[in-house]
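Engineer: sequence and predicted structure below; questions after.
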Amino acid sequence: MFGRRNDTQSAPRKVAAEPAAAPAAATAKAEPSAPAPAPKPVSVRAAIPPAPPKPKVSDQRSENYYQIKTTIFNALIDTIDLTQLAQLDGESAREEIRDIVNEILSIKNVVMSISEQEALLQDICNDVLGYGPLEPLLARDDISDIMVNGADRTFIEVGGKVELTGVRFRDNSQLMNICQRIVSQVGRRVDEASPICDARLPDGSRVNVIVPPLAIDGPALTIRKFRRDKLTMKNLVEWNSISAEGAEVLGIIGKVRCNTLISGGTGSGKTTLLNCLTAFIDTDERVITCEDAAELQLQQPHVVRLETRPPNLEGQGQITMTELVRNCLRMRPERIIVGEVRGPEAFDLLQAMNTGHDGSMGTLHANSPREALSRLEGMITMGGYNLPSKTIREMICGSIDVIIQAARLRDGSRRITHITEVLGTEGDVIITQDLFVYDIEGEDETGRLIGKHKATGIARPAFWDRARYYNQHHALAAALDRAQG
Ligand SMILES: Nc1ncnc2c1ncn2[C@@H]1O[C@H](COP(=O)(O)OP(=O)(O)OP(=O)(O)O)[C@@H](O)[C@H]1O
Ligand SMILES: [Mg+2]
């Protein structure tokens, strides 16, 4: 019954074109060029940009410490044979380095406290054997992103807030070496000839490196830390990212094989949410995932994970997301999961959703469900498919059932702000209906936003028949009832 799409949905439903829908959809249709705002008279006051808030600096070390470290490090490199050191196991190599560093310290008459010496030793071991100054950050579980902007500035994101750390590299060439070490593990190089590179750390963290001449102030390294303890829907409820009832509805959406798009800005929690949703996939379903850098961690036994491949140095051998998704279709998938839809593969994913691969999912960069729809349309148009926009919109409506919007709010918290259904088209306009929205009500004295997830009062979502088919309609009605109570 639900193996095929395009059948007119017979379930009685409240087709409420939300007030915001029509104008936004109209934008999607023709993107009328907004009249340019009249140029404002430039006042001197307005020209002065506001001073950026001073970032919080953690773990600041003295200039003196870095000077001593450079001296000792250089002396150590002159003394040891790195190829022999590489043959030792981690513990013996550390012992070896410890002995030599202690010797150098006494020869050079360096006065340091025991704790400073320990810190120095640790730093030097990290430089020689690991990822240098990044090691202490990589070891921390509470950090979600590490952003290195050249040798002198490293930022981290902790608890939704970005802060400056005291971590510094000796110079840009040390940073460059570490970047090289990271990307060489996935068989790639980064240098002037190929200055952009994506890689993965052995623990699964996602890495992007961009180096001079493209990065003007030295190599820029961005790491999305891999969470060992994967977030679950239960965590999201505990942290108020979604209400308990909203989470139940999301679970049902996952179980009853709605085709779902997760939309959100950078770092808003899209991949995390996708991972949480996949937990509701039955263990006997064959799932194929396509990602640029494998981040998803499905727990089901019958999963095939695919990853795109960038071109090699000669510009050959690239395998794009479109090729992966197309190949997927020949692998007898029941569900296809695309880590991030960003290009022409959107067309292939929609086709797959439309032709018996119900319950397929993907994420997409957009700031609202309506923007997600127009971005999807844009991707298909840009992909060179010469289709009238009405046809594209009908295709989108025939394929996507639900859009879940994730957002990182200004206080750093991550929330699911919309659970929205795609109902169909009316003329040229896509009609959507919100099931849940997050309503911001104010702010407490610490600056944290106060808000609530609210059900919009839709008693019978458009996927009601689907829920009944999978015997989930009672649970769905109960969750929606509770959400309104
Ligand atoms: N609801 C949440 N509450 C707190 N932290 C979260 C939540 N969701 C995700 N995170 C954390 O936020 C970080 C970014 O999450 P995630 O990788 O899912 O975002 P994304 O939108 O996929 O990012 P990108 O656009 O870079 O792909 C991760 O460290 C993740 O653990
Ligand atoms: Mg992501």
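Structural biologist: On my side now, so go ahead. Numbers count the residues shown, from 1 in each chain. Ligands and ions are numbered 1, 2, ... in the order given.
Engineer: ok, residue 72 touching residue 107?
Structural biologist: No: if you go by CB atoms under 8 Å, residue 72 and residue 107 don't touch, sitting 10.3 Å apart. To be clear about C-beta, it is placed using only N, CA and C from the backbone, and glycine gets the same treatment.
Engineer: these two: which is more packed in?
Structural biologist: Between residue 72 and residue 107, counting by other CB atoms under 10 Å, residue 72 is the more crowded of the two (21 against 9).
Engineer: tell me the phi and psi of that one?
Structural biologist: phi -70, psi -40 (degrees, to the nearest 10).
Engineer: so for it, what's the pLDDT?
Structural biologist: Looking at residue 72, its pLDDT stands at 86.
Engineer: how near is it to residue 134?
Structural biologist: For residue 72, the distance to residue 134 (CB to CB, to the nearest Å) stands at 19 Å.
Engineer: same deal with residue 248?
Structural biologist: 40 Å.
Engineer: what about the residue in the stretch 151-300 of the chain that ligand 1 sits nearest to, neighbour count?
Structural biologist: The stretch 151-300 of the chain approaches ligand 1 most closely through residue 269 (2.9 Å), counting by CB to the nearest ligand atom. Neighbour count of residue 269, defined by other CB under 10 Å: 23.
Engineer: for it, give me its contacts.
Structural biologist: By CB atoms under 8 Å, 6 or more residues apart in numbering, the contact set of residue 269 is 241, 406, 408, 414.
Engineer: next SSE after the helix or strand containing residue 348?
Structural biologist: Using DSSP states H and E, residue 348 sits in helix 345-354. Proceeding N to C from helix 345-354, the next assigned helix or strand is strand 361-365, under DSSP H and E.
Engineer: in the stretch 351-485 of the chain, which spans are helices?
Structural biologist: Under the criterion DSSP state H, counting those that start in this stretch, helices of the stretch 351-485 of the chain are mapped to 369-382, 389-399, 464-469, 473-484.
Engineer: now do the second one: distance to the chain's middle.
Structural biologist: Using CA atoms, centre = their mean, to the nearest Å, the distance from the centre of helix 389-399 to the centre of the chain it belongs to is 27 Å.
Engineer: who are the packing partners of it?
Structural biologist: helix 21-30, helix 345-354, helix 369-382, strand 414-426, strand 429-443 (3 or more CB pairs under 8 Å, 6 or more residues apart in numbering; DSSP states H and E).
Engineer: deepest in the core, which of those is it.
Structural biologist: Of all these, helix 345-354 carries the top mean neighbour count, a mean of 24, counting by mean count of other CB atoms under 10 Å.
Engineer: close to ligand 1: what parts of the stretch 251-400 of the chain are there?
Structural biologist: Counting by CB under 6 Å from any ligand atom, the stretch 251-400 of the chain comes close to ligand 1 at 264, 266-272.
Engineer: which SS state does residue 146 fall under?
Structural biologist: What DSSP: H, G, I helix; E, B strand; the rest coil gives for residue 146 is strand.
Engineer: let's verify the residue nearest to it when sequence neighbours are not counted: helix, strand, or coil?
Structural biologist: Nearest non-adjacent residue to residue 146, counting by CB to CB, 6 or more residues apart in numbering: residue 223, 4.3 Å away. The three-state label given to residue 223 by three-state DSSP is strand.
Engineer: bridged to the residue of the stretch 351-485 of the chain found nearest ligand 1, which residues?
Structural biologist: Taking CB to the nearest ligand atom as the measure, the stretch 351-485 of the chain has residue 414 as its residue closest to ligand 1, at 3.7 Å. Residues in a beta bridge with residue 414, per DSSP bridges, are residue 408.
Engineer: much appreciated, bye for now.
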